[in-house]
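*Asks:* Kindly return the folded structure for what I paste below:
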Amino acid sequence: MRMTETTSLISPGNTGPVIPVLSYSNIRMYRRRGLSNLLKMGHCAPAVMQTLMDLGNTKGEWLVRMTAGLPGGIGSTGFECGGITSPLVHFGLEHGLSAKDDGLPTIIYAGHEYLHRFRKCNNSLLCQDILGKRRVPLPCIKVARHAPELFKQTSCIECTEAISGETREAFHLLYSHLSANGFHCAHAVLNQLGDTVPITRELLDGTSGFIGGTVFKGLTCSAFTAGLMAVGLKLGEIEGSFPRVAWMLATMIAGGNALADHMNKFNRLLNIGHRMSKWFKKEFGSTLCREITQCDFSSLGDVNRYIGNGSLTTCKIIAERVARQAEMIIKQKGVGF
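*Replies:* Numbering: from 1, shown residues only. Presented below is the predicted three-dimensional model:
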């Protein structure tokens with residue numbers, strides 16, 4: 001059977017989910033493009049974002065700028081890899097907060113299916129685990145090469161099996177609670193920045209998966225992620241030079257400061273993001289949603305406790321504080337922060 005861009009494999013007996021299968025030629029093309037973008041941009045999240053844009057013929061530098069501070073695991077905290085955050089933005093652009101029949105947004109299901117594929121490929125979701133203690137980030141090459149095909153292989157139509165049982169019930173209860181109170185972690189930050197960052201439907205859709213610590217996984221606080229994305233939108237610059245990235249890598253190999261602002265146009269936002277993460281951790285004790293809320297959102301008991309304790313009030317305060325901090329950084333153009 002000759003495969004074009006995608007064919008579909010159906011489970012035995014013609015039942016079960018349709019699994020997208022990419023042609024060998026397309027896989028090779030995705031990997032080449034991913035590597036090329038990494039070598040001229042130098043950082044995972046922007047490179048993966050650019051590759052997904054190239055493959056989808058999407059225009060708009062704003063999408064790359066908003067990822068400028070995300071490498072190193074969102075503000076160099078070592079958590080969600082840029083091979084996760086950029087695809088989640090694209091899933092959001094496709095689906096926004098449109099819901100499945102059970103009321104849970106498609107982005108939550110698609111995000112969990114993608115995370116499963118990403119973990120299987122890279123053994124972890126976290127930058128600090130994937131990179132380890134390596135001076136030279138060789139694992140980032142695999143991330144940048146494989147993330148586009150993992151994205152293409154994720155079926156948003158047949159992804160409901162990615163979440164089941166108590167986890168699905170817990171997520172549904174939590175999302176119903178947040179919706180009833182008109183709260184979305186990332187959107188709560190962005191909507192308070194309307195005079196500083198133009199709030200468009202695309203921006204809100206693209207950030208729809210950043211809720212509950214990244215699709216309810218309890219990872220990086222989604223308010224923090226949104227604040228850093230907003231700063232990137234306004235202050236981010238785009239690197240696109242093979243020689244400059246080669247020099248940055250040579251400096252890294254030699255033990256120099258390859259992440260200094262002048263070494264790569266993304267570095268300035270990367271460093272601002274890291275300082276933001278230190279501020280956030282000092283204010284709230286951690287950048288991780290599950291540590292701030294003391295809740296595992298896949299547990300019905302924990303979600304009921306979150307609701308019963310009025311923890312949403314804390315999340316609203318955090319979103320407001322992050323918005324004010326992001327606004328200050330943007331107005332000062334990152335100077336003095």
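*Asks:* quick one: the strands in the protein?
*Replies:* 6-10, 18-22 (DSSP state E).
*Asks:* what separates the closest residue to residue 306 other than its chain neighbours from residue 73, distance-wise?
*Replies:* Of all residues not flanking residue 306 in the chain, residue 295 sits nearest, at 4.7 Å (CB to CB, 6 or more residues apart in numbering). The way it works is simple: take the backbone N, C-alpha and C, and place the C-beta from them, glycine included. Distance of residue 295 to residue 73, given as CB to CB, to the nearest Å: 21 Å.
*Asks:* Have a look at those two and say which one is more surrounded.
*Replies:* Higher neighbour count among residue 295 and residue 73: residue 73, with 27 against 24, using other CB atoms under 10 Å.
*Asks:* picking that back up, looking at it, the residue nearest to residue 306 is touching residue 307, isn't it?
*Replies:* No: applying CB atoms under 8 Å as the test, residue 295 and residue 307 come out as separate, 9.8 Å apart.
*Asks:* Please identify the buried residues of stretch 186-197?
*Replies:* By neighbour count on 16 or more other CB atoms under 10 Å, the buried set for stretch 186-197 is 186, 187, 188, 189, 190, 192, 193, 196, 197.
*Asks:* no, scratch that, I was asking about stretch 135-143
*Replies:* Quick answer for stretch 135-143 (16+ other CB under 10 Å): 137, 139, 140, 141, 142, 143.
*Asks:* cool, and stretch 330-337?
*Replies:* Neighbour-count burial for stretch 330-337 [16+ other CB under 10 Å]: 330, 334.
*Asks:* Sketch out the low-pLDDT regions of the protein for me.
*Replies:* 1-20, 156-158 (pLDDT under 70).
*Asks:* Where is the longest helix in it?
*Replies:* In the chain, with assignment by DSSP state H, the single longest helix is helix 312-331.
*Asks:* From the chain's centroid, how far away is that one?
*Replies:* 19 Å (CA atoms, centre = their mean, to the nearest Å).
*Asks:* helices or strands next to that helix in the packing?
*Replies:* On a contact count with 3 or more CB pairs under 8 Å, 6 or more residues apart in numbering; DSSP states H and E, helix 312-331 meets helix 185-190, helix 222-235, helix 267-284, helix 289-293.
*Asks:* Next, the buried residues of it.
*Replies:* Buried, per 16+ other CB under 10 Å, within helix 312-331: 312, 315, 318, 319, 321, 322, 323, 325, 326, 327, 329, 330.
*Asks:* can you tell me how far the nearest residue to the fourth one once chain neighbours are set aside sits from residue 63?
*Replies:* If I follow you right, that is residue 319. Nearest non-adjacent residue to residue 319, counting by CB to CB, 6+ apart: residue 188, 3.8 Å away. Applying CB to CB, the value for residue 188 to residue 63 is 21 Å.
*Asks:* Residue 77 too?
*Replies:* 22 Å.
*Asks:* do the same with residue 327
*Replies:* Counting by CB to CB, the gap from residue 327 to residue 63 is 21 Å.
*Asks:* what's the answer for residue 312, then?
*Replies:* 30 Å.
*Asks:* re earlier: same list, the buried residues of stretch 186-197, but as JSON lines with distance to residue 34 please.
*Replies:* Shown next, in JSON lines, are these (distance: CB to CB, whole Å):
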{"residue": "186", "distance to residue 34": "26"}
{"residue": "187", "distance to residue 34": "30"}
{"residue": "188", "distance to residue 34": "33"}
{"residue": "189", "distance to residue 34": "30"}
{"residue": "190", "distance to residue 34": "28"}
{"residue": "192", "distance to residue 34": "35"}
{"residue": "193", "distance to residue 34": "31"}
{"residue": "196", "distance to residue 34": "33"}
{"residue": "197", "distance to residue 34": "29"}
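*Asks:* what's the residue closest to the geometric middle of the protein?
*Replies:* residue 85 (1.7 Å; CA atoms, centre = their mean).
*Asks:* my guess is that one meets residue 70, correct?
*Replies:* Yes: the pair residue 85 and residue 70 qualifies as a contact (CB under 8 Å) at a distance of 5.1 Å.
*Asks:* shared neighbours of the two, anything?
*Replies:* 45, 225 (CB atoms under 8 Å, 6 or more residues apart in numbering).
*Asks:* ok, back up a step: specify which member of the buried residues of helix 312-331 is nearest to residue 251.
*Replies:* residue 329 (26.6 Å; CB to CB).
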